[in-house]
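*Asks:* Sequence and predicted structure are below.
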Amino acid sequence: MPKTIKYAEHDKARRQVGNKPNTQLRAEIANAAARLVAEGEVEDFSSAKSKAAESLGLVSSGSMPDNVEVQTALIDYLRFYEGRIFDERLTTMRQAALRAMRFFDEFEPRLVGPVLYGSAVKHCAVTLHLYTDELERITRYLFEEEIPYELTETTLKVSKRETLEFPTFWVINDGLDFELIVFPWSYNTHPPLSALTGRRYKRADVNAVEELLRDSLDSNDDKLTATPVRDFR
């Protein structure tokens, strides 16, 4: 249950907040929001920031950190509190993403989201963007490979003023959730806007993910023990 704050305590908290410089407030909100996301209390950064600001007795949005600041705080939190477990989870998820990308090679897959950014929490989905002008090709492909799926939609901004819905296949493979968002071919060169930055999505192709894995293994002296992931079938 949410923690109840007495009026006197709340007023005191607000006075203390008012005496702090803006940069310190932003950092405190970002750190509190990161903890909420890491512990699974909220899933999106916007809700996490609002809840964190409320817990600090902050009513003005002038000191609210942006999503990138929260992401940076989240990565720091995961590395500090989970350490090697976090590194191994991220490596396992990136290896799984690479296998899935090879499996969906004909649809020009791109890795996006927390697994690419390095901010993947426990139970986070692996998100791929796939490209085709014929949605039935993916449906048929999954059917032929006997891979069960759930078909939903994802709403994304394609410009500052326009949002569109894109078909999304949810697949579970070897205990990991995969979110496969399908776009027309034209979006391969003109991706939608990311909720993280408000700019075009940062994406990684197969070669880029392979490079990420090499770098992570090199930086950890090849001592990471990632969980084996079966072929994507």
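*Replies:* Happy to help now that I have it.
*Asks:* which residue ranges form the helices in the protein?
*Replies:* 7-18, 22-38, 45-55, 67-81, 84-103, 114-117, 135-144, 206-219 (DSSP state H).
*Asks:* what is the mean pLDDT for the third one?
*Replies:* Helix 45-55 comes out with an average pLDDT of 91.
*Asks:* buried residues in it?
*Replies:* Buried positions in helix 45-55, judged by neighbour count with 16 or more other CB atoms under 10 Å: Phe45, Ala48, Lys49, Ser50, Lys51, Ala52, Ala53, Ser55. Yep, even glycine has a C-beta here, placed from its N, CA and C like the rest.
*Asks:* go on, the last one?
*Replies:* Neighbour-count burial for helix 206-219, with 16+ other CB under 10 Å as criterion, is recorded at Val206, Val209, Leu212, Leu213, Ser216.
*Asks:* Just the closest of those to Val182, please.
*Replies:* Nearest to Val182, judged by CB to CB, of the buried residues of helix 206-219 is Val206 at 17.9 Å.
*Asks:* What distance do you get for that closest one to Leu116?
*Replies:* According to CB to CB, to the nearest Å, Val206 and Leu116 sit 13 Å apart.
*Asks:* again with Arg214
*Replies:* Applying CB to CB, the value for Arg214 to Leu116 is 15 Å.
*Asks:* any weak-confidence spans in this protein?
*Replies:* Applying pLDDT under 70 to the chain flags residues 1-21, 59-62, 219-231, 233.
*Asks:* who touches stretch 123-130?
*Replies:* Residues from elsewhere that reach stretch 123-130, judged by CB atoms under 8 Å, 6 or more residues apart in numbering: 40, 93, 96-97, 100-101, 104, 107-115, 138, 170, 176-183, 187, 191, 201, 203.
*Asks:* out of the residues you listed, which are buried?
*Replies:* Buried by 16+ other CB under 10 Å: 93, 96-97, 100-101, 104, 107-115, 138, 176, 178-183, 187, 191, 201, 203, out of these.
*Asks:* Pull the contacting residues for the residue nearest to the spatial centre of the chain.
*Replies:* Closest residue to the average C-alpha location of the chain: Pro114 at 2.9 Å, with CA atoms, centre = their mean. Residues near Pro114 by CB under 8 Å, 6+ apart: Ala120, Val121, Cys124, Thr127.
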